[in-house]
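# can't give you the sequence, but here's the structure:
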């Protein structure tokens, strides 16, 4: 940007505006809008900040985007804006890569320890004032495979290894000697290797290739005492197949922070399964995350405004920021 | 041992005998006993294996120990056998140092992550089928002080640091540059430094000096948002003072695996406090722990039988195996 007119920035955010926007309001004409007003806000807008990152409103309003050049989404996964109109356009897409890496890694390690130390049962026994000694598991030397080799998957791998676990990864391209994972399996043939691991962690981006990759065939190939942890997207999983695998003992447990329908419907059997830990899509959302998300956007906005290269540019054909297979 | 007669070994174990004793039964006349039979079993016994390590039966039967030379206890803490009759005798005391280090360290890290990620509340919300997003804390760069610089405390410090926390220790002798702790504070003046830490982990041996060290004065000196984790002994804490500090918000939470009375009485207010995690003295007890305990004893038994030096010899004046302040 170097014209004399301020650029027009549309911000999709619903009722609650993003914090820390004052510096950007100095540089742009900012139009805050909810889903209903998005088409009006997009008309003659130069950039769109999708702060309400789970909204599905962008495709319906896309027809109004007559001069949009840049779309930034306040999330790591870009699947909510992966529709043909954006993919086939010249609009540059960027994401919030990096914000959630550490908090999601800590959440995954916490869930593994919660399984190993039987914490959920301790909470239930405490509520009944019941003293019941049990033996617990150690995580040292237990194995985990992290499916998804982006920055979040790498942060998970590093933290689990630091805690004494044996870790591998899975991504598009199989290889050895990866700095964070050591062995990286090909996610395309997970039946061949998934049975080796005590913990299976899903953090792959949601694409046409990964949608439904965790199905009956995958769960059947896991060890009977394996636990499945999903911090990626609910649609990576065929939920009915997961419920069946948990119910029949084909796998031992699951910690699920994401679901194909969110909020998880009250009638879902996952709520009441003893071997399931349900949390409400919060694994990455540390105190201060909203400020951090706006910080990533603001950094990119300043680059864009100054005509410098953007960071975190998504490959719209792949559906994620490429760099690590 | 090098005489022609087999030595006599008394084993205090209640109904359930220790596993893996066959090799020792080849080398000694083994008398398995419960508390009631302990005096009879001790008469003319050369060694005593206190497998039922929470039993308080030894002092009452001590008068019968007419030729005892060695007592081994299947625990890290030796407070159940720290009575004057043993302390003032020539009987060598050894413990099971090392068995619990890793499992207790994992338990402590798990409890810290459970607080940071609000897992206990997630369990309760799940039981109500309630989807309630919350923001969580990160543990990276949060601080912990581990009070107790023996091998369990060191394993805790190493694991918390590996997970990204900032760690210090506290023991008898203040110092800098400790390999595991960096700074070691003097546990005698904890009011001067305890207010610096987000997590306070108690794993000191129970001695006359440490009994009741966590009292109103200590809790008042902690930060309001600090959490207290006890994996040492319940008697390190003045329980009423802890309940008051938790109730008034002088500290933010506690994870308690040990209590001054065990099992924790049904009427204890700790059971129902939302900011308390109760577990039944199980933090160290991994699957296989009983075999590991007998393994430590059997190793020492072979040394004793062959006339070689024992390992894990407790300083009966200090009340623990000295080596690390």
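Perfect, I can see it now. Not measured: the values here are computed from a predicted model. Numbers count the residues shown, from 1 in each chain, chains lettered A, B, ... in the order given.
# quick one, what contacts the residue nearest the centre of chain A?
Taking CA atoms, centre = their mean, the centroid of chain A lies closest to residue A:232, which sits 4.0 Å from it. Applying CB atoms under 8 Å, 6 or more residues apart in numbering or on different chains to residue A:232 gives the contacts A:77, A:147-148, A:202-206, A:258. C-betas here are computed from N, CA, C, even on glycine.
# Most neighbours out of those residues, which is it?
Sorting the contacts of residue A:232 by how many neighbours each has (other CB atoms under 10 Å in any protein chain shown) puts residue A:203 first, at 31 neighbours.
# Which residue is the nearest non-sequential neighbour of it?
Spatial nearest neighbour of residue A:203, chain neighbours left out: residue A:148 (3.8 Å); criterion: CB to CB, 6 or more residues apart in numbering or on different chains.
# Surely the one you found and residue A:202 touch.
Yes: contact criterion CB atoms under 8 Å: residue A:148 and residue A:202 qualify, at 6.9 Å.
# still on that earlier bit, got a pLDDT number for the residue nearest to residue A:203?
pLDDT for residue A:148: 97.
# so how far is residue A:217 from it?
19 Å (CB to CB, to the nearest Å).
# what does residue A:156 give?
24 Å.
# Looking at those two, which is more packed in?
residue A:156 (29 against 13).
# which residues does the more buried one contact?
A:104-105, A:108-109, A:146, A:201, A:203, A:231.
# Among those residues, find me the one that's closest to residue B:193.
residue A:109 (28.0 Å; CB to CB).
# The closest residue to that closest one other than its chain neighbours: how many residues sit nearby?
In space, and not counting its chain neighbours, residue A:109 is closest to residue A:159: 5.3 Å by CB to CB, 6+ apart. The number of residues packed near residue A:159 is 23, by other CB under 10 Å.
# Make sure residue A:159 is indeed in a helix.
Yes: under DSSP: H, G, I helix; E, B strand; the rest coil, residue A:159 falls within a helix.
# gap between it and residue A:165?
For residue A:159, the distance to residue A:165 - CB to CB - is 9 Å.
# same thing with residue A:99?
Separation of residue A:99 from residue A:165 (CB to CB): 24 Å.
# These two: which is more packed in?
Neighbour comparison, residue A:99 and residue A:165: the larger count goes to residue A:99, with 25 against 19 (by other CB under 10 Å).
# wait, isn't residue A:169 in contact with residue A:179?
No: between residue A:169 and residue A:179 there is no contact under CB under 8 Å: 10.6 Å.
# who has more neighbours, those two?
residue A:169 (28 against 9).
# Give me the three-state assignment for the more buried one.
Here residue A:169 is recorded as strand under three-state DSSP.
# Over to residue A:232?
coil.
# Spell out the residue ranges of the helices in chain A.
Taking DSSP state H to define them, one finds helices in chain A at A:22-25, A:38-42, A:58-61, A:84-87, A:101-117, A:119-127, A:151-162, A:216-221, A:239-248, A:289-305.
# of those, which approaches residue A:67 most closely?
Of the helices of chain A, nearest to residue A:67 by CB to CB is helix A:38-42, at 9.3 Å.
# Which elements pack onto that closest one?
strand A:8-12, strand A:29-33, helix A:58-61 (3 or more CB pairs under 8 Å, 6 or more residues apart in numbering or on different chains; DSSP states H and E).
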